[in-house]
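S.K.: take this sequence and fold it.
(4 chains)
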Number of protein chains: 4
Amino acid sequence: MRIGILNSGGDCPGLNAVIHGVVGAADQLGWEVIGFKDGFEGLLPPGDYKVLKPKDTIGIVKLGGTILGTTNKGNFAAKIGKGNVSEVPAEIVAKAKRTLDQLEIRALIIVGGDGSLTTGLQLYREGWPIIGVPKTIDNDLQATAMTFGFDSAVSTVVDALDRLHTTAESHKRVMVLEVMGRHAGWIALWGGIAGGANVILLPEIAFSTDKVAEVIRQRDAQGYHSTLVVVAEGAKLPDGEIVTLNENTGGEVRLGGIGEIVAHRIEKLTGKETRACTLGHLQRGGAPTALDRILGTRFGVMAIKLAEEGRFGRMVSYQAYHVDSVPIEDAVNQLRVVEPDGEMVGAARAIGISLGD
Amino acid sequence: MRIGILNSGGDCPGLNAVIHGVVGAADQLGWEVIGFKDGFEGLLPPGDYKVLKPKDTIGIVKLGGTILGTTNKGNFAAKIGKGNVSEVPAEIVAKAKRTLDQLEIRALIIVGGDGSLTTGLQLYREGWPIIGVPKTIDNDLQATAMTFGFDSAVSTVVDALDRLHTTAESHKRVMVLEVMGRHAGWIALWGGIAGGANVILLPEIAFSTDKVAEVIRQRDAQGYHSTLVVVAEGAKLPDGEIVTLNENTGGEVRLGGIGEIVAHRIEKLTGKETRACTLGHLQRGGAPTALDRILGTRFGVMAIKLAEEGRFGRMVSYQAYHVDSVPIEDAVNQLRVVEPDGEMVGAARAIGISLGD
Amino acid sequence: MRIGILNSGGDCPGLNAVIHGVVGAADQLGWEVIGFKDGFEGLLPPGDYKVLKPKDTIGIVKLGGTILGTTNKGNFAAKIGKGNVSEVPAEIVAKAKRTLDQLEIRALIIVGGDGSLTTGLQLYREGWPIIGVPKTIDNDLQATAMTFGFDSAVSTVVDALDRLHTTAESHKRVMVLEVMGRHAGWIALWGGIAGGANVILLPEIAFSTDKVAEVIRQRDAQGYHSTLVVVAEGAKLPDGEIVTLNENTGGEVRLGGIGEIVAHRIEKLTGKETRACTLGHLQRGGAPTALDRILGTRFGVMAIKLAEEGRFGRMVSYQAYHVDSVPIEDAVNQLRVVEPDGEMVGAARAIGISLGD
Amino acid sequence: MRIGILNSGGDCPGLNAVIHGVVGAADQLGWEVIGFKDGFEGLLPPGDYKVLKPKDTIGIVKLGGTILGTTNKGNFAAKIGKGNVSEVPAEIVAKAKRTLDQLEIRALIIVGGDGSLTTGLQLYREGWPIIGVPKTIDNDLQATAMTFGFDSAVSTVVDALDRLHTTAESHKRVMVLEVMGRHAGWIALWGGIAGGANVILLPEIAFSTDKVAEVIRQRDAQGYHSTLVVVAEGAKLPDGEIVTLNENTGGEVRLGGIGEIVAHRIEKLTGKETRACTLGHLQRGGAPTALDRILGTRFGVMAIKLAEEGRFGRMVSYQAYHVDSVPIEDAVNQLRVVEPDGEMVGAARAIGISLGD
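M.R.: Have a look, this model is predicted:
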């Protein structure tokens, strides 16, 4: 028996743990694992892959990135049609299928985000033996209570806040940290609470920098002269607040993310020295935390179990502290965002953290 | 309104996060918080305590230990009678009550383990306004799905295994790491999976060093010349295996824990160079992980909410990803141990980790 | 005997270690230490300070920032006249002197960079009992072989490169990391070598992005599809290379630092996906490394020794692995930059690192 | 041109950086590098080795251990005769020489400690093209001002002390940490100063536990109820102090190191709860610090430079912040121990650290 595995989309701490789990569990069953390189691209003839044996995975559980490589865009990804249906062209699918057939791959494990899993769903509907493993560093998939990579990203945010905290205190400054989270503010919310942020700005909760400035002024009045602001990259200024900062750049490089904009406005409104910092790719790289290593490993083990049981078209999922599975079609396109009235937001408010609203 | 808080029992990463959550949430309600020093001892007249204001808790969320101090033994702890009922002498209780009354404490938050909560239950039954916050680094309390400190302890174990891994590989050695877990092997199990252990020995699963030696020999035969063994301090050799190591010491200092014993036997049985390492107190100290900081903070916030609602005799608890509460009397004396047939043990076995059985 | 200490200029890991060393050593002599807040500003009447006893410094050695606070600009700093002579106005000096006299400060330890030490020199020449402790995270002071904070900053850079390395490899990208170093490229050079950078761009060595692009193309041809570029913030594009990126912003916030510019050009020249990351303030914050804690402590101890011996107008300095001192006037305005022909640059070139020249 | 490299003796953070430097620098010269496995053993026919190309060393600079493996004892090591002259038997040398000749190795780089370099000296005298790179985690070689691995070991000690500090404070305990250093106490001294130890016990300075107990009692009287003690493994109790702890074990496993003995005595003498912790192998493993990565890389580069210049029989050395070389025969058997009157010990005493004397 021979199975395949590939990573697709942005990298995420814990990908190697999944590979480790898959290879370890397959080996116990006497199966051979083929790792396709650079996402779906590795499927294209002549096929770019390597056989993965347990000794190839020794020590990888602690490494960031993925030993298989991954591709964000390419011949497969981002071919999403109407109704969020993946529409990878038939000739691409056919070519890839030939590789699969030649290698006699009996199950193909796709470790990817919403888009990649949508592609997986298309392939499954066309008869491929697909098993999905969810990958979203933002932890924003409805169908699983937790995804690997999130805890590592939060840890990176917290480490950054710990650093900014001492420098903010020493200089009586406002420090603004922009973190990942285009649609869901989980990283900002968790990171902000753990890192002692005073203000957390999320895509899910409308805020204004006027309000943030007011909070900073109040803090100053109470003797707290430094303030830590965490802002998710997907957070948006209200329509009323004009942003002139970047209007003329028209550049190809994205400048002046929300973090810099918020910092700029705070400095203007409060007169306090304000500095912005954008974590960017530092959040994706780096060694996975213990939690993410374990979750990734368990996900990999469950993927093999699904293969063993011939349950294709399913995605591994974490539910009530156990790893289980759900149909891929029930999982894709279901975002889980921060509930403005949830316990976590409530806890933040309860200890005096402002959400800028 | 004035409330009190105390820590009791061994220290645990996240204690300061609980204090941070309690003080932050109390301050938002306009309440004053009194922190009693060194556990219940701080209650004894004339009372050893300090007023905790938000500025006293700036930056503590990232610190290990507890700013209040704690006591393992003392006038209150370890007075457990028949049926696991706490029996702190009446005169001690009466003395402490006077301090409480004089300070007009309307709620007393006890952050402690099973023993301390049992004491809390006694006090609650005698009319004290007790609220419990569970503290067990071993994560072995049935009434809560997760406790703070555990993730930090696992991280420390994983960091140690990462270190031992490179040295084991370089020297083709067997390395044995003894970790915490007297009754429950969760730390060994989680830490071992995340740290790439090859053998994990738990209190819950009977093992033999003969079996472990066999695993090591097989690994050697397959070309894996180094082996990482994690053993929980509460794991026990089977009766048939004689341990002569310490028979004559009679010392007051505990020597030759299970880690050293297992290492000694492996070296004898396999002839391979084998070294033991005991993590000990390094697991309790150190900065809490992001997860533990958040969990501790949320526990603290919930404790204040219970106080606000006048729901005494309850213990904060984590259930289905939300922080809630349960009656203390339903929580104490209910150990949660590793299920030998659970998914986690299954995942370990699935990737070829030996449980020594 | 009573002495004073103040920090001045940007914060730097190890400042608290200096304070720890000063307070510990003064206490052994039975002296009292007054810590002035927020740099020289704390000297202005009525004086903003606190008495520092050993118990106030317990545990601070591991903290970033400074418990005394610091000021970058203010009434004292940046008053540099012709010939790099400090010209703090007479009335400011007189006011501050009154505070010093009232408190009977017999020695004033100034922990600061070149500008602050120049101010210190002025004060010394006006009769103040000044002792200088050098503080430059860039390690670019000629008069001392090493300064605290540098090793911590390099460690932060290396940690970032380790993270970017895995993500660069997984995605076959070019990653550009901008690090501190306005005049001297030490942080970029040390960090780049330790972090496995392929290209390091310094203020001291003229480079061109055409050359960098050429290196990246060669690497691609050799099968190395990812490249790590470290660039010091003070590195400059050659005149011939046009930068249109920011021409229209006219913004008050500095956008498009050299890192983003270099990344933009590389992407244009090579067609490879290229991302920039700017570490910024993350390099100043955070816990000092062991080395910086020790160096800071030793510097603090030597400052007290100079005070004890009445050797004012001198600056603590590290020479041939020993802490000693030099006259402040010989130390200021003497930058130590990277020698293009030095052993470190040679080592970088020897292992194939490109300096972009 | 083809050269060889091998590691010998205990592993040490930075070994992979040396390999990285050697391979990178050799590649720039167009040379091929042969890495012998498991120390000198890899030289024995038929030879156990692998060709090392730059792509084999990508990312290894950050890994602990050594990708070549090493051997502590074996056919070569520990054959030290009178006058500290290495006496590896002629037939072993002859066998190994055949491997060298067959592979046409023009230079053999030995990365090892005092014993391995002594063997290297013997081989050089018998005509081998030997180049030595010093490796001692204890930093106790007279002929080089610094060796890689030391900074990493100190960092591990400091991390442990940071952890023990919070738990000691919370419980008002004495914590004793035993660290590496059989002959020289540098790790204990540096680690202790950086980690905020109150007592440091070294092989070089005679101490008594009576004196240590006195220090602890004084601290208690001054309100400091917790004490951190660092003790080097080679520190020794004075003759007058009886140690009965282990007299009857006669065990093969070393129990009750100096750390446990000192803890035992302190508890007896002071009545304070005292716990011991032994870092052991955790100090050797783990990722090298930035400093050790750089030093290792520079050492590797210099080794290739010596090979290029045909300067055999020399050992790489760090002098006055530059990497240079010295004759191996001047380097071996010259221990550098802590000077009791040196500046570092003086700094420790100056801030009130007791040396137990």
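S.K.: and residue A:145, that's in a helix?
M.R.: No. Residue A:145 is assigned coil when assessed by DSSP: H, G, I helix; E, B strand; the rest coil, not a helix.
S.K.: give me the number of residues near it?
M.R.: Residues lying near residue A:145 (other Cβ atoms under 10 Å in any protein chain shown) number 16. Every C-beta, even on glycine, is put in place using the N, C-alpha and C of the backbone.
S.K.: residues contacting it?
M.R.: Residues in contact with residue A:145 (Cβ atoms under 8 Å, 6 or more residues apart in numbering or on different chains) are A:317-320, B:321.
S.K.: any idea which of the residues you listed has the most stuff around it?
M.R.: residue A:317 (25 neighbours).
S.K.: I'd guessed that residue sits against residue A:143; true?
M.R.: Yes. The pair residue A:317 / residue A:143 is scored as a contact, 5.4 Å apart, by Cβ atoms under 8 Å.
S.K.: just to revisit the earlier point, from the contacts of residue A:145, pick the one nearest chain D.
M.R.: residue B:321 (28.9 Å; Cβ to the nearest Cβ).
S.K.: how near is the spatially closest residue to that closest one that is not a sequence neighbour to residue B:345?
M.R.: Spatial nearest neighbour of residue B:321, excluding adjacent residues (Cβ to Cβ, 6 or more residues apart in numbering or on different chains): residue A:145 at 6.1 Å. Counting by Cβ to Cβ, to the nearest Å, the gap from residue A:145 to residue B:345 is 21 Å.
S.K.: pLDDT weak spots in the stretch 51-200 of chain A?
M.R.: Along the stretch 51-200 of chain A, segments meeting pLDDT under 70 span A:77-82.
S.K.: that one: strands as residue ranges?
M.R.: Taking DSSP state E, counting those that start in this stretch as the criterion, the stretch 51-200 of chain A carries its strands at A:107-112, A:130-134, A:174-179, A:199-201.
S.K.: would the first one count as contacting chain C?
M.R.: No. Using Cβ under 8 Å from any Cβ of the partner chain, strand A:107-112 never reaches chain C; the gap is at least 12.1 Å.
S.K.: quick one: that strand near chain B?
M.R.: No. Strand A:107-112 lies out of reach of chain B by Cβ under 8 Å from any Cβ, never closer than 14.6 Å.
S.K.: what separates that strand from the chain centre, distance-wise?
M.R.: 17 Å (Cα atoms, centre = their mean, to the nearest Å).
S.K.: now the angle from it to strand A:130-134?
M.R.: Following axes from the mean of the first three to the mean of the last three Cα atoms, to 10 degrees, one obtains 30 degrees for the angle between strand A:107-112 and strand A:130-134.
S.K.: the residue of the stretch 151-300 of chain A found nearest chain D: what secondary structure?
M.R.: Residue nearest to chain D within the stretch 151-300 of chain A: residue A:287 (9.3 Å; Cβ to the nearest Cβ). Look at residue A:287: counting by three-state DSSP, its state is coil.
S.K.: show me the contacts for it.
M.R.: Going by Cβ under 8 Å, 6+ apart, residue A:287 touches A:13, A:62-64, A:152.
S.K.: okay, the strands of the stretch 51-200 of chain A in a markdown table with distance to chain D and mean neighbour count next?
M.R.: Formatted as a markdown table, the strands of the stretch 51-200 of chain A follow (distance: least, Cβ to the nearest Cβ, whole Å; neighbours: other Cβ atoms under 10 Å in any protein chain shown):
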| stretch | distance to chain D | mean neighbour count |
| --- | --- | --- |
| strand A:107-112 | 21 | 29 |
| strand A:130-134 | 25 | 28 |
| strand A:174-179 | 24 | 28 |
| strand A:199-201 | 27 | 29 |
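S.K.: mind checking which of those is nearest residue A:228?
M.R.: Among the strands of the stretch 51-200 of chain A, strand A:174-179 comes nearest to residue A:228, with 5.6 Å by Cβ to Cβ.
S.K.: what helices and strands are in contact with the closest one?
M.R.: Where contact means 3 or more Cβ pairs under 8 Å, 6 or more residues apart in numbering or on different chains; DSSP states H and E, strand A:174-179 is packed against helix A:150-171, helix A:186-194, strand A:227-232, helix A:258-270, strand A:274-278.
S.K.: any residue of the helix or strand harbouring residue A:214 touching chain C?
M.R.: According to DSSP states H and E, residue A:214 maps onto helix A:209-221. No. Judged by Cβ under 8 Å from any Cβ, helix A:209-221 stays clear of chain C, getting no closer than 13.9 Å.
S.K.: is chain B contacted by that helix?
M.R.: No. Helix A:209-221 does not reach chain B (Cβ under 8 Å from any Cβ); its nearest approach is 10.6 Å.
S.K.: for burial, what's the neighbour tally of residue A:90?
M.R.: Residues lying near residue A:90 (other Cβ under 10 Å) number 9.
S.K.: so what's the residue positioned nearest the centre of chain A up against?
M.R.: Closest residue to the average C-alpha location of chain A: residue A:137 at 1.8 Å, with Cα atoms, centre = their mean. Applying Cβ under 8 Å, 6+ apart, we find residue A:137 in contact with A:10, A:12-13, A:147, A:149-150, A:152-153, A:180, A:187, A:283-284.
S.K.: which residues touch residue A:233?
M.R.: Applying Cβ under 8 Å, 6+ apart, the residues contacting residue A:233 are A:178-182, A:257-259.
S.K.: so which of those residues wins on neighbours?
M.R.: Neighbour max across the contacts of residue A:233 (other Cβ under 10 Å) = residue A:179, 32 neighbours.
S.K.: which ones are touching that one?
M.R.: Each residue near residue A:179 by Cβ under 8 Å, 6+ apart is listed here: A:153, A:157, A:187-188, A:191, A:230-233, A:279, A:283.
S.K.: cutoff 10 Å now
M.R.: Listed by Cβ atoms under 10 Å, 6 or more residues apart in numbering or on different chains, the contact set of residue A:179 reads A:153-154, A:156-157, A:160-161, A:185-192, A:195, A:200, A:230-233, A:235, A:259, A:277-280, A:282-283.
S.K.: again with residue A:338
M.R.: A:140, A:181, A:183-186, A:188-190, A:200, A:202-205, A:232, A:344-345, A:355.
S.K.: do that again at 7 Å, thanks
M.R.: Applying Cβ atoms under 7 Å, 6 or more residues apart in numbering or on different chains to residue A:338 gives the contacts A:184-186, A:189, A:202, A:204, A:345.
S.K.: ok, now residue A:231?
M.R.: With Cβ under 7 Å, 6+ apart, residue A:231 has these contacts: A:176, A:178, A:188, A:201, A:258-259, A:262.
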